[in-house]
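1. Sequence first, then the predicted structure:
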Amino acid sequence: MASGTVTSSEYISHHLTNLTFGNHPENGLGFAHTAVEAAEMGFWAINVDTMLWSIGLGVLFTWLFSKVAKSVTAGVPGNTQNFVETLIEFVEENVNSIFHHKNALIAPLALTIFVWIFLMNTMDLVPVDWIPYIAGQMGIHFMKVVPTTDINATMGMALSVFGLILYYSIKMKGIGGFLGELAFQPLGKWMLPFNLFLEIVGLLAKPISLALRLFGNMYAGEMIFILIALLPFWIQWVLSVPWAIFHILVITLQAFIFMVLTIVYMAMAHEEH
């Protein structure tokens, strides 16, 4: 625990609050200094730590894979090249087994989603007090290092996928074909209102389920790490190590699920019913 004067509720609240920049109704433009201030900044506030870590990890992913691509050799590959090639083959196998259409975007999209989300999820394995403590020494009040525990990040990714679903649905089927699927499936033209209700709900459920599944699992995992950090030091090690080992499965599985569902939704967008 950070300090003896900090209560458990204050400790938890501090670790679950983002570094937020926005326009406060009373204090004006600037960073929030309390969790209440952050909440009062409204919709247009920016969670700076989410942006910092997500973009930073995205740059790391791009740099690493670009470096491997430029130094690839037909001879005996190094460990990094082996790892990257295995990862690419894994993603390609999943794409080929699910997506049976021609679209050069899908495999790179799936690879980006899997690796990027995995890297963001992996930040949950960093001890909860380390980076916030360093940030505190620099005068930074809050620092959440797991972007996928921010609903804004997961919803942003899900809405990006949703935009692609709409784009390819209209591109492949035409606006008439797309609207026809919404209006006349699954019960025919005589049940048009009911069809519209079912199809629109199903369509909107895709980005919502993508975002909430990833956010909920990662938020719960982070909360458990925070609760463990409140316990006496020797109990922390007894509980945190097994939970961290199990959590490796969780962070990998969540990245995989997001990737697979994206491929499935893209395949559905390319199919005509």
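-> Looks like it arrived, so ask away.

2. where do the strands sit along the protein?
-> Taking DSSP state E as the test, the strands found in the chain are 20-24, 28-31, 46-47.

3. What I need now is these written out in TSV, including mean neighbour count, mean pLDDT and distance to Asn94 for each item.
-> Where you see a C-beta, it was placed from the backbone N, CA and C, and this is true even at glycine. Shown next, in TSV, are the strands of the chain (neighbours: other C-beta atoms under 10 Å; pLDDT from 0 to 100; distance: least, C-beta to C-beta, whole Å):
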stretch	mean neighbour count	mean pLDDT	distance to Asn94
strand 20-24	18	94	37
strand 28-31	12	93	41
strand 46-47	19	96	31
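
4. so can I have TSV of those strands showing distance to Met143?
-> As requested, the strands of the chain are exported to TSV (distance: least, C-beta to C-beta, whole Å):
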stretch	distance to Met143
strand 20-24	11
strand 28-31	12
strand 46-47	11
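
5. Low-confidence ranges, the chain, go.
-> 1-4, 273 (pLDDT under 70).

6. Contacts only, for Thr262.
-> Applying C-beta atoms under 8 Å, 6 or more residues apart in numbering to Thr262 gives the contacts 109-110, 113, 161, 210.

7. That one and Ser9: what is the separation?
-> 38 Å (C-beta to C-beta, to the nearest Å).

8. now Gly42
-> Distance, Gly42 to Ser9, by C-beta to C-beta: 24 Å.

9. cool, Phe256 as well?
-> 35 Å.

10. Tell me which of the two has more neighbours.
-> Phe256 (17 against 8; other C-beta atoms under 10 Å).

11. ok, Asn195 to Tyr168 distance?
-> 21 Å.

12. Phe31 now?
-> Applying C-beta to C-beta to Phe31 and Tyr168 gives a distance of 40 Å.

13. cool, Met123 as well?
-> 31 Å.

14. Show me what counts as buried in stretch 161-181.
-> 161-162, 164-165, 168-169, 173, 178, 181 (16 or more other C-beta atoms under 10 Å).

15. In helices, which of those appear?
-> 161-162, 164-165, 168-169, 173, 178, 181 (DSSP state H).

16. and which of these is nearest to Lys70?
-> Among those, Leu164 lies closest to Lys70 (C-beta to C-beta), at 28.2 Å.

17. what about the helices in the protein?
-> Remark: helices assigned in the chain by DSSP H are 8-15, 35-40, 48-70, 79-98, 106-122, 130-137, 151-184, 192-229, 233-270.
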